[in-house]
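> quick one, what's the 3D model for this:
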Amino acid sequence: MLYSLLAFLLGMFLGVSAQTIHQWPVAEIKAVGSPLSLGCTIKGKSSPNLYWYWQATGGTLQQLFYSITVGQVESVVQLNLSASRPKDDQFILSTEKLLLSHSGFYLCAWSPQGAAETLYFGSGTRLTVLGKLGA
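The predicted structure is shown next:
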């Protein structure tokens, strides 16, 4: 009986852990005016809601974008950034020209369809934007 319970609990645990979120890169240092692309992939879950969040140093966490389906992305805060969802499990945040104000911590998250109050976050990306030397 004990082994049956342990097997059941392990199965439940493995079922939850099979849904993973991978965010890249972990850290990025770029010059002002450089292009940027941050990525996020969700595995083990079909048709998730996807989100990008940003936190400036010393600031509060702000939602930037969300997507409920492939090809559809809604902007929440204007920061001169764009997002795309080319595949069901992929969410890309990008810009052609970085600003100093883009520095901060970026988080990708997902939630199950119909359960937007439950978010699962990636490990995050620390972005540092440096001014041009001699400027």
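> center of the chain, which residue is that?
Cys108 (1.2 Å; CA atoms, centre = their mean).
> which residues touch it?
Counting by CB atoms under 8 Å, 6 or more residues apart in numbering, Cys108 touches 21, 23, 38, 40, 50-53, 91, 93, 121-122. In short, each C-beta sits where N, CA and C put it, glycine included.
> Leu130: which of those residues is nearest?
Proximity of the contacts of Cys108 to Leu130 was ranked by CB to CB; the top entry is Leu38 with 17.2 Å.
> and that closest one, what does it touch?
Applying CB under 8 Å, 6+ apart to Leu38 gives the contacts 23-25, 28, 52, 92-94, 106, 108, 125, 127.
> let's see 6 Å
Contact analysis of Leu38 by CB atoms under 6 Å, 6 or more residues apart in numbering lists 93, 106, 125.
> neighbour-wise, which of those residues leads?
Ranked by the number of neighbours (other CB atoms under 10 Å), the contacts of Leu38 place Leu93 first, at 24 neighbours.
> thought it was touching Ala83?
Yes - Leu93 sits in contact with Ala83 when judged by CB atoms under 6 Å, with a separation of 5.1 Å.
> and the helices in the chain?
Applying DSSP state H to the chain gives helices spanning 2-17.
> low pLDDT regions in it?
Within the chain, the stretches with pLDDT under 70 are 1-18, 133-135.
> tell me how far the residue lying closest to Leu99 once chain neighbours are set aside lies from Trp54.
Nearest residue to Leu99, sequence neighbours excluded (CB to CB, 6 or more residues apart in numbering): Asn80, at 6.1 Å. As judged by CB to CB, to the nearest Å, Asn80 and Trp54 stand 12 Å apart.
> thanks again, I'm all set now.
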